[in-house]
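Asks: Sequence below, structure please.
(one chain, ligands or ions: 1)
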Amino acid sequence: MTGEFELIDRITRGLVARDDVVLSVGDDAAVLALSGHAVVTTDVLIENVHFKRQWSPARAVGRKAVAVNVSDVEAMGARPSAVVVALAFPKDLDQAWVEEFEAGAREECDRAGVSLVGGDLSSSAVIAVCVTAIGDLGGRAAVTRSGALPGDLVAVCGRLGWAAAGLAVLQRGFGSPKDMVAEQQTPTVPYGQGVVASRAGATAMLDVSDGLLADLGHIADSSGVVIDLDTGLFAVPDGVARVAAATGKPGIGFVLAGGEDHALAAAFPAGTDLPEGWVRVGEVKAGDPAVLVDGHAFDGSRGWDHFA
Ligand SMILES: [Mg+2]
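Replies: Numbering: from 1, shown residues only. Model (predicted):
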């Protein structure tokens, strides 16, 4: 098995460390020079729990592990700074899998503009990946889930429904539409938009991992407000519409309830001139915490059926 430094050295090769990295791989720990409060988050991906090798190529697993963590940093309104990557895998795992994983992690760090500053390596019964991401608030306050106020508008940035459509395709044993499947394997995180939203005055924000309705429920609960979505403001992407038609489910169901896309959802003060890429989809109202769709209560347990 390769050594820790060899792995991390290979992942970091070709990556330019940002100028906030004072000390990178090679010592007991990395040193970062941040200009504000630090945001820290971590996620674990376990084979057959979070991904299946036959559905997700190693490169996609490497990319996704970095992407979902940086997405959480973005969701706090912070500038992603650095990540550390830990990988455990069976001793008989094909070396090519590890190399492709490394390439994927490297590619996503590049896309996200973060430095990979450390990691660890071990053997285990199944593949396990743990990534920790650190972000810099740069003097701004974090954008939490609890700041939404009645009268705020609700907006989203990024893709919605693509990953769920991709999962539906894979579960049926198909491989296309390819862009939907690719989104299932690796989300297209709207990098940089967390800071943009914070600067635009976002009062509450999160990234959509479990589905827009479920995740906005967290903002409703934390802020003590009602969030009312207007389905007329959502566009159902062509690929999602095609998968919806093929599976006999409503396209808007994928958009509102599908998870794993890692779009950003946020509340902004009424009248905010939304930054480019952000789309208004509803508003915040006073009342007992709830998420409404076109003014009607959404019963999460009914899932897709609600839209049938
Ligand atoms: Mg999150």
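Asks: which stretches of the stretch 1-150 of the chain have low pLDDT?
Replies: Applying pLDDT under 70 to the stretch 1-150 of the chain picks out residues 1-17.
Asks: residues in contact with the closest residue to the ion within the stretch 1-150 of the chain?
Replies: Closest residue of the stretch 1-150 of the chain to the ion, CB to the ion: Asp72 (4.4 Å). Every C-beta, even on glycine, is put in place using the N, C-alpha and C of the backbone. Residues in contact with Asp72 (CB atoms under 8 Å, 6 or more residues apart in numbering) are Thr41, Asp43, Ala133, Asp207.
Asks: now the residues you listed in a markdown table, with secondary structure, distance to the ion and neighbour count?
Replies: Converted to a markdown table, the contacts of Asp72 look like this (DSSP: H, G, I helix; E, B strand; the rest coil; distance: CB to the ion, whole Å; neighbours: other CB atoms under 10 Å):
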| residue | secondary structure | distance to the ion | neighbour count |
| --- | --- | --- | --- |
| Thr41 | strand | 8 | 19 |
| Asp43 | strand | 9 | 19 |
| Ala133 | strand | 11 | 27 |
| Asp207 | strand | 4 | 26 |
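Asks: okay if I get the residues you listed as JSON lines plus distance to Glu276?
Replies: Listed next are the contacts of Asp72 as JSON lines, based on distance: CB to CB, whole Å:
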{"residue": "Thr41", "distance to Glu276": "26"}
{"residue": "Asp43", "distance to Glu276": "29"}
{"residue": "Ala133", "distance to Glu276": "25"}
{"residue": "Asp207", "distance to Glu276": "19"}
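Asks: Tell me how far the most centrally placed residue in the chain lies from the ion.
Replies: In the chain, the residue lying closest to the centroid (CA atoms, centre = their mean) is His262, at 3.1 Å. Separation of His262 from the ion (CB to the ion, to the nearest Å) stands at 8 Å.
Asks: what sits against that residue?
Replies: Counting by CB under 8 Å, 6+ apart, His262 has contacts Ala67, Val68, Ser71, Gly158, Pro187, Thr188, Val189, Asp207, Val208, Ser209.
Asks: Show me the shaky parts of the stretch 151-300 of the chain.
Replies: In the stretch 151-300 of the chain, residues with pLDDT under 70: 298-300.
Asks: interface residues of this structure facing the ion?
Replies: Asp72, Asp207 (CB under 5 Å from the ion).
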